[in-house]
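> Curious how this folds, go ahead:
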Amino acid sequence: MGSVKWMVMFALLGIASQIAQAVFTASVFSSTSTTAILRWSKVTGASSYKITVIPKSTPGSPIAFTLFGPNTVLGSVHNLSPNTAYNFIIQALDAAELQLDRTVIESSSAPAMVAIEKVKPDDSSTLIVEFSETTGATHYIIRVQNSNGHFSENSVSSSPAKIQSLTPYTDYSVSIRSAKNDSQSQPSAPMEAKTVLPPPQVTSSSPSNYSIIVSWPPVAYAVLYTVDVCKFGSSSLMFNTTDTNLTVSNLDAGSLYTIQAYAWDPEGRQGESLFINQTTRPPSPSEVNVSMTMAELSVSWKLEQDVYGTVNYHVTSDRNLTCNTISNSCILYPAACGEIHTIQVTAYNMAGPSYPSSPVVFITYPCPPEPLGVVEPEPGNCTLMWNAVPHAEKYRAFIKRVDGSEETCNTTSYNCSFHCQCGYTYLLSVYAINQAGSSPQGKVLNYTTLPCCPTDVSVSLVSTDTLEMIWTPARGAELYQIRAVDNSEIILCNDTSPVCALSDLSCDTSYSVVVMPCNDIRGCNHACPSHTKDTAPCMPKNLEVNLKNSSCITVSWVANNRAATYTVSVLGHGQRHNSILNCTTATNSCDITDLSCGSAYDVSVIATSAAGQSLPSYSDIVVTGANTFITSLTSSKGHARCHTQDSHCLMGCITCGTNYTVTMEAFSQIGLMANCTYQGFSSSACCPSGVKLYKMANNTVRVYWRTSSSYHSYVAEMTSSSSSANYTCTTLAGENSCDMPNIQCGNVYHVVVAPLTLEGAKVQFCAQRMYSVIYRGKRSVD
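Numbers count the residues shown, from 1 in each chain. Below is the predicted model of the structure:
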């Protein structure tokens, strides 16, 4: 059973072998324009192989055949036409030349062989091959080979063709074959060519505004170098050199130049070129201008010509100030007054810095003049003075009065004279000026002139020993000091109201009376005119009455006046009648006649002069009731006294805010006296002094004053002279300031600060002051 199976298997293998040998295959091994090489498989029993060539265009017309022996499996067919489609019939023949098997191959011959027309270098690593194209070729194969046998083949589609990645300055043999599918023509005749020198690897820089340096490493085999420098829109500059560096001068600053460089080989051929761009350094900035604003120096400049690309600028001062910009101006900060700066501007581009601009010396505006001072050699003529300020060319002084009027003084000296009226506060400021501008504002000097002398001064005798002075309020006065001077004494009286009484004066005396205005800042004006006024004659003294007879008496007295007439009055009293008898004389005695017998008389004498009448002398008889009174007010601060015949008297030199003890002496006509003491008297609270205004936040003004009493409240009033704006504030007892909100600035205000009585009424005799409310730092009110 097993042997039968093996027999079947061998039979099957033999059948399979016969079947495999029956498949006859063939292919085109290679082909050219005129030759085709075919390859086929062996056929068992074949004695020869026959190849028949038939053009496909003429199927019934074979053009060639050839025979090959039984052991040949590769054979060629020649004399084909280029670019022609053929059927290749391959037959396996037995010894009787009978066909054992056959196969047909369809193939085409390669296109016709082409010739190289020209080979030239394109650059140091590229050759350009020009050739004649042929019909039917789908591509061309170019072969390049150097003298060392190294070659490469490149497939190209048409002429001309570039062969790249070659070695610079190298000899090459170039040939070409046309191709279609897998068919290639025979190679053309070779043509020799040589690549050129590689480009110099140039680098460049611009050492100055007007030059460029070009340099490169040596190129092998180079005998000469050419450098071409060209600015767009201008003619180029060409240089030949055997060196490896070149300096090109007299170029335009800040311009873009294209640099072309190439080498020459010993054969005189130009090598490959290299192009680079180089910008010259920018020109130096010119027309540098410097100005100053606040604490900044503004520097501007120009360039003489248009430049290529972005230019940066660097500005320096020899006082270590710098700034950078791409525009044509820059700010140097901070700059102070009275400085000297040397400023230069340098332009930068990608090539480097330009030469610095010509240095510009700039002097900043001067510092404020100081210190300020005022001298007033005579009233009304003031001179504002200050020290010299470095770098100042002139000065401008502003003289502003608190009522708003202002004048300006321009000078090159260190003082300004101006008319300074009495009773005003002046705000004085001075600015130093040079070509850079005006100095910042310095300290403002407040200068207050002496208060003005009162006008319409009236001095009158209101009682025998009292002079009353009345005047028009004087500008700038806060207080008035009244001085009455005779040959032996000086009597002073201070008051804030424009009226004053001097009492307890000496009788029959000429007084020189001066009303002097005063304020806290300047004190008193001692240059006011005086006014002379006489007091009434002295009362006749030592009255004596002598009876000459029953109807006549002689009355005598001591005459102690300079120039007076005397009137003797005799008053009779009785049940039947009252009579008055008089006599007048310039001497010290007088006779009275026609007296009634048995009557009682009061005898007295009155002196009369141009100033007025004296008090009556004391009577020499006793009468009921007082005839004259001496009233005294006494305190620890002084006393006051008046002598009168009336039931009242005007008493001067009363000190405000003072408790007085009141006493009175009553005298009869014959000189008898009675003492009386009364309840104490308190004068009104004193008007405050040192009234000042301060500017607080949110347009609030604080009114401040000095007071000697902690028991009174005060009221402050501000009244505008140019608008209806009125403000009032009231303090508690002991306070010496109060705030007024929402004050309108720029107005002139009349300010009064007065104490309040215990009943809440305002004391009416306190003086007004005038202020101008302006903005000026923390203390904004003057």
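> ok, now which ones touch residue 632?
639, 640, 641, 662, 663, 664, 665 (C-beta atoms under 8 Å, 6 or more residues apart in numbering). Yep, even glycine has a C-beta here, placed from its N, CA and C like the rest.
> try 10 Å this time
Residues near residue 632 by C-beta atoms under 10 Å, 6 or more residues apart in numbering: 504, 639-643, 651, 660-665.
> could you check the distance from it over to residue 461?
Distance, residue 632 to residue 461, by C-beta to C-beta, to the nearest Å: 21 Å.
> what do you get for residue 472?
21 Å.
> residue ranges with poor pLDDT in the stretch 501-650 of the chain?
By pLDDT under 70, the low-scoring segments of the stretch 501-650 of the chain are 573-579, 597-598, 621-627.
> cool, and the chain?
For the chain, the stretches flagged by pLDDT under 70 are 1-22, 573-579, 597-598, 621-627, 668-672, 674, 723, 774-782.
> could you show me where the helices are in it, in order?
Assigned by DSSP state H, the helices in the chain fall at 2-21.
> In it, which residue is most central in space?
Nearest residue to the geometric centre of the chain (C-alpha atoms, centre = their mean): residue 294, 6.3 Å.
> how near is it to residue 288?
Distance of residue 294 to residue 288, given as C-beta to C-beta: 21 Å.
> before we move on, the earlier item: out of residue 472 and residue 461, which sits in the busier spot?
Set residue 472 next to residue 461 and count neighbours by other C-beta atoms under 10 Å: residue 461 wins out with 17 against 12.
> Please name the nearest non-neighbouring residue to the more buried one.
residue 612 (5.3 Å; C-beta to C-beta, 6 or more residues apart in numbering).
> list the contacts for the residue nearest to the centre of the chain?
With contact set as C-beta under 10 Å, 6+ apart, residue 294 has these partners: 333, 334, 335, 365, 437, 440.
> roughly how far apart are the fourth one and residue 431?
Going back to what we said before, that points to residue 365. Applying C-beta to C-beta to residue 365 and residue 431 gives a distance of 9 Å.
> do the same with the fifth one
As for residue 437, its distance to residue 431 is 9 Å (criterion: C-beta to C-beta).
> again with the second one
Spatial separation of residue 334 from residue 431 under the definition C-beta to C-beta is 20 Å.
> Who has more neighbours out of those two?
Neighbours around residue 334 and residue 431, counted as other C-beta under 10 Å, are more numerous at residue 431. The numbers are 21 against 9.
> which neighbours do residue 437 and residue 431 share?
Both residue 437 and residue 431 are contacted by 365, 366, under the criterion C-beta under 10 Å, 6+ apart.
> Next, count neighbours for residue 594.
Using other C-beta under 10 Å: residue 594 sits among 9 other residues.
> Can you name the residues that contact residue 114?
Neighbouring residues of residue 114 by C-beta under 10 Å, 6+ apart: 33, 131-134, 137, 140, 159, 176-178, 185-188.
> Distance check, it against residue 416.
109 Å.
> now the contacts of residue 294: which count as buried?
335, 365, 437 (16 or more other C-beta atoms under 10 Å).
> Out of those, which is nearest to residue 256?
Nearest to residue 256, judged by C-beta to C-beta, of these is residue 335 at 37.6 Å.
> Now for the closest one: which residues touch it?
Each residue near residue 335 by C-beta under 10 Å, 6+ apart is listed here: 290, 292-298, 317, 319, 321, 341, 362, 364-365, 436.
> Filter those down to the buried ones and hand me the ChimeraX line.
Per 16+ other C-beta under 10 Å, the buried members of those correspond to this ChimeraX selection:
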select :290,292,297,317,321,341,362,364,365,436
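> Residue 563 - nearest residue in space that isn't next to it in sequence?
residue 609 is the one closest to residue 563 (C-beta to C-beta, 6+ apart), at 6.0 Å.
> shouldn't the one you found be in contact with residue 510?
No - if you go by C-beta atoms under 10 Å, residue 609 and residue 510 don't touch, sitting 11.2 Å apart.
> okay, the two: which has more neighbours?
Shown here are residue 609 and residue 510; by other C-beta under 10 Å, residue 609 has more neighbours (19 against 14).
> For residue 656, see how far away the more buried one is.
For residue 609, the distance to residue 656 (C-beta to C-beta) stands at 35 Å.
> what's the spacing between the residue lying closest to residue 344 once chain neighbours are set aside and residue 285?
Nearest residue to residue 344, sequence neighbours excluded (C-beta to C-beta, 6+ apart): residue 356, at 4.3 Å. Computed as C-beta to C-beta, the residue 356 to residue 285 distance reads 8 Å.
> overlap in contacts of the two?
Counting by C-beta under 10 Å, 6+ apart, the residues touching both residue 356 and residue 285 are 344, 345, 346, 347.
> quick one: which of those residues is nearest to residue 148?
Distance to residue 148 across those (C-beta to C-beta) is lowest for residue 347, with 55.9 Å.
> Name the residues linked to that closest one by a beta bridge.
On the basis of DSSP bridges, residue 347 is bridged to residue 313.
> try residue 64
Beta-bridge partners recorded for residue 64 (DSSP bridges): residue 53.
> My guess is it contacts residue 76. True?
No - counting by C-beta under 10 Å, residue 64 stays clear of residue 76, with 11.2 Å between them.
> Mutual contacts of those two, please.
Common contact partners of residue 64 and residue 76 (C-beta under 10 Å, 6+ apart): residue 51.
> show me the contacts for residue 130.
Neighbouring residues of residue 130 by C-beta under 10 Å, 6+ apart: 116, 117, 118, 119, 120, 159, 160, 161.
> Burial check on the residue nearest to residue 113 when sequence neighbours are not counted, number of neighbours?
Nearest residue to residue 113 in three dimensions, chain neighbours excluded: residue 185, at 4.3 Å (C-beta to C-beta, 6+ apart). Residues contacting residue 185 under the criterion other C-beta under 10 Å number 27.
> Would you enumerate the residues in contact with residue 185?
Residue 185 makes contacts with 31-34, 82-83, 109-114, 134, 136-137, 140-141, 176-179, as judged by C-beta under 10 Å, 6+ apart.
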